[in-house]
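1. What follows is a predicted structure for the sequence shown.
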Amino acid sequence: MKRYIVFTAAGAGLFSSLSAQIYFPSLSVLANDLNVSTSMINLTVTSYMIFQGIAPMFIGSFADQTGRRPAYIICFVIYIASNIGLALQDSYAALIILRCMQASGISSTVALSAATVADVATKEERGTYMGFTMAGNFMGPAIGPIIGGLLAQYLGWRSTFWFLVIASGAFLLPLLFFLPETARNVVGDGTQPAQPWNRPFIQYLSPQKYADRPATSSSSETGSEDSIQEIKHKLRFPNPLHPLKIVCHVNSIIVLAVTGVIMAGNMTVLSSITSTYTDLYGLDELEIGLCYIAMGCGSIVASVSTGRMLDWNFKRMAAKNESDAVTSGKQLQEVPVEKARAMITTPLVVLGSLTTLAFGWVLYYKAPLAAPEVILFFVGIGQTGGFISTSTLLVDLHSSNPAAATAANNFVRSLFSAGASAVIDPMLAAMGRGWTFTLVAFVLLATIPFLLLLCGMGRKKDAPNVEKQ
């Protein structure tokens, strides 16, 4: 059951990144069909990113209070409705409003996915499951431009949104029937029943079969470290400021800042590929879409390998401290989780920085296309791996409110990414490709002292507002 839950979380996160990337090949066609300028069409990308950061602040708080299942369902209902509207609309005003609605619906699934992993996985295995979940999110940049390019070229831009309607609808049905509630505020350690309206449909079809079963299998799989003795089921209006409030601690602020810088660096690379490859190599939309595969594959490799490295290092430190981290949840508090995660993050940030530097200079010297593509693979490993590591640490620090903490993380990285996408073109025009990415690389390297600072911040030194797991 745990693997099914994590697989579902990974699939939900895929739609968030896919929706952003699949849209890019249709930009020029949309501008022509709607009789607007390219800059006005680009506003639909900017507005998408803004709502991508804001919406999870509401849904994350709601999911921690009420449950993951209703949050997932709300997200996909809004998302499917907005995609239907996007496929049918014929005006620029409708396009930009529905794009904001689309982002509001699906962007929260990233926070929900991380929260779901926190519900069912302990610290010593959380890295692997977080990596697998993030692999779904980072598949979007690999396959989104390809799918979008093929659909826009052969079936028209409307087919892009119809594809998302069909795919998300096919995903929502098994979620409704089989996904159990996992939120600890609702089902505790898995032995408490969820609200009657918050149970998988399969339980209503076979009530006798599921009558005596717990809401989730997390009790036996995650131990008692997050057990909640009394569960009070209340529906409350989500507080969008709650995610920012719970991360208001020096450790969390450092993690958020480092994550934001990493994702800003990632966005500078992604945003520059289309214009740079068009100028240097004369590629069309579909060919440029194929060029994103290298970085996407690196991101997927990082998603799998980084999680395993995080778990290995946590267990190594637990053994070094002579604590039985696997069988004793209490002893987990003896492992300095900040140091355990930051030790893996640091070399990944170095890799992402140096490969970003190399990417800029091979473009400056107009190297053959194979050169920047090989480098992009390693950029994906370094930057994505760093992001997964810091995201896992933030969930570790706020295991009682993982959806809200991840929503705050999403808000910060969206702001950083939006800023990076806005300044990269002026930087390239003013400084050239080589020096632009040299500056980006040094900004990324500037996070290393903060990661080293995290290594010295143990759990016993934390303030009370950082939840203990």
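-> Now that the structure is in, tell me what you want to look at.

2. hey, which helix is longest across this protein?
-> helix 402-445 (DSSP state H).

3. so what does it touch, helix or strand wise?
-> The helices and strands touching helix 402-445, judged by 3 or more Cβ pairs under 8 Å, 6 or more residues apart in numbering; DSSP states H and E, are helix 38-66, helix 108-120, helix 242-246, helix 250-281, helix 337-364, helix 370-397. For every residue, glycine as well, the C-beta is placed using N, CA and C.

4. Could you say which of the ones you listed is packed most deeply?
-> Mean neighbours per residue, mean count of other Cβ atoms under 10 Å, is largest over the helices and strands packed on helix 402-445 for helix 108-120, with a mean of 29.

5. pLDDT averaged over the following helix or strand past that one - what is it?
-> Downstream of helix 108-120, the next assigned helix or strand under DSSP states H and E is helix 123-138. Mean per-residue pLDDT for helix 123-138: 79.

6. from the chain's centre, how far out does helix 123-138 sit?
-> 10 Å (Cα atoms, centre = their mean, to the nearest Å).

7. Downstream of that helix, the next helix or strand is which one?
-> Taking DSSP H and E, what comes next after helix 123-138 is helix 140-154.

8. So what touches the helix or strand following that next one?
-> Using DSSP H and E, the helix or strand that follows helix 140-154 in sequence is helix 158-178. For helix 158-178, contacts defined as Cβ atoms under 8 Å, 6 or more residues apart in numbering pick out 4, 8, 11-12, 15, 18-19, 22-23, 26, 72-73, 76-77, 79-80, 83-84, 86-88, 106, 147-148, 151-152, 200-202.

9. Just the ones of those in helices?
-> Using DSSP H, the contacts of helix 158-178 in helices are 4, 8, 11-12, 15, 18-19, 72-73, 76-77, 79-80, 83-84, 86-88, 106, 147-148, 151-152, 201-202.

10. mind listing what's buried in the helix or strand following the longest helix of the chain?
-> Using DSSP H and E, the next helix or strand after helix 402-445 towards the C-terminus is helix 448-455. Neighbour counts using 16 or more other Cβ atoms under 10 Å place 448, 451, 454-455 of helix 448-455 among the buried residues.

11. Report the contact partners of Leu280.
-> Counting by Cβ under 8 Å, 6+ apart, Leu280 touches 363, 366.

12. Ignore what I typed, I meant Ser391.
-> Ser391 touches 114, 130, 134, 259, 406, 409, counting by Cβ under 8 Å, 6+ apart.

13. run the last query once more with 7 Å
-> Counting by Cβ atoms under 7 Å, 6 or more residues apart in numbering, Ser391 touches 114, 130, 259, 409.

14. CA atoms of stretch 10-26 as PDB?
-> Only the C-alpha atoms of stretch 10-26 are listed here, as PDB (Å, rounded to 0.1, in the frame of the first residue of the first chain):
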ATOM      1  CA  ALA A  10       4.500  11.100  -7.900                       C
ATOM      2  CA  GLY A  11       1.900  10.900 -10.600                       C
ATOM      3  CA  ALA A  12       0.000  13.900  -9.100                       C
ATOM      4  CA  GLY A  13       3.200  16.000  -9.000                       C
ATOM      5  CA  LEU A  14       3.900  15.200 -12.700                       C
ATOM      6  CA  PHE A  15       0.900  17.200 -13.800                       C
ATOM      7  CA  SER A  16       2.200  20.400 -12.200                       C
ATOM      8  CA  SER A  17       5.400  20.500 -14.200                       C
ATOM      9  CA  LEU A  18       3.900  18.900 -17.300                       C
ATOM     10  CA  SER A  19       1.200  21.700 -17.500                       C
ATOM     11  CA  ALA A  20       3.900  24.400 -17.500                       C
ATOM     12  CA  GLN A  21       6.200  22.700 -20.000                       C
ATOM     13  CA  ILE A  22       3.700  21.400 -22.500                       C
ATOM     14  CA  TYR A  23       2.400  24.900 -23.100                       C
ATOM     15  CA  PHE A  24       5.600  26.400 -24.400                       C
ATOM     16  CA  PRO A  25       5.500  25.100 -28.000                       C
ATOM     17  CA  SER A  26       2.100  26.600 -28.500                       C
END
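
15. List the contacts of it.
-> Stretch 10-26 is touched from outside by 48, 72, 79, 102, 106-107, 109-110, 112-113, 132-133, 135-141, 144-145, 147-149, 152, 157, 160, 164, 168, 171, 285, 289, with contacts defined as Cβ under 7 Å, 6+ apart.

16. Check stretch 66-81 too.
-> 12, 15, 59, 62-63, 101-102, 104-106, 108-109, 112, 115-116, 165, 168-169, 172, 175, 179, 181-183, 186, 194, 198, 235.

17. Show me which of the residues you listed are buried.
-> Buried among the contacts of stretch 66-81 (16+ other Cβ under 10 Å): 12, 15, 59, 62-63, 101-102, 104-106, 108-109, 112, 115-116, 165, 168, 172, 175, 179, 181-183, 186, 194, 198.

18. Quick check: Ser110 vs Ala103, distance?
-> One correction, residue 110 is Val, not Ser. According to Cβ to Cβ, to the nearest Å, Val110 and Ala103 sit 12 Å apart.

19. residues in contact with the closest residue to Ala9 other than its chain neighbours?
-> With Cβ to Cβ, 6 or more residues apart in numbering as the criterion, Ala9 has its nearest non-adjacent residue at 3.8 Å, and that residue is Ser113. Contact analysis of Ser113 by Cβ under 7 Å, 6+ apart lists 9-10, 12-13, 133.

20. Can you tell me which member of those residues has the lowest pLDDT score?
-> Thr133 (81).

21. So that one sits against Ile5, correct?
-> No. Assessed by Cβ atoms under 7 Å, Thr133 is found out of contact with Ile5, at 10.1 Å.

22. which of those two has more neighbours?
-> Thr133 (28 against 24; other Cβ atoms under 10 Å).

23. if you average pLDDT over stretch 357-369, what comes out?
-> Stretch 357-369 comes out at a mean pLDDT of 95.

24. chain center to that stretch: distance?
-> Using Cα atoms, centre = their mean, the offset of stretch 357-369 from its chain centre is 29 Å.

25. Equivalent analysis for stretch 407-417, please.
-> Counting by Cα atoms, centre = their mean, stretch 407-417 comes out at 10 Å from the chain centroid.

26. sorry, back to before: type out the ChimeraX command that picks the buried ones from the contacts of helix 158-178.
-> Applying 16+ other Cβ under 10 Å to those, the buried members can be selected in ChimeraX as follows:
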select :8,11,12,15,18,19,22,23,26,72,73,76,79,80,83,84,86,87,106,147,148,151,152,200,202
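
27. Would you state the predicted confidence (pLDDT) at the residue most central in space within the chain?
-> By Cα atoms, centre = their mean, the mean C-alpha position of the chain lies nearest to Val110, the distance being 4.5 Å. Looking at Val110, its pLDDT stands at 84.

28. Compare the helices and strands packed on helix 402-445 and give me the one nearest Met431.
-> Ranking these by their distance to Met431 (criterion: Cβ to Cβ) puts helix 337-364 first, at 9.7 Å.
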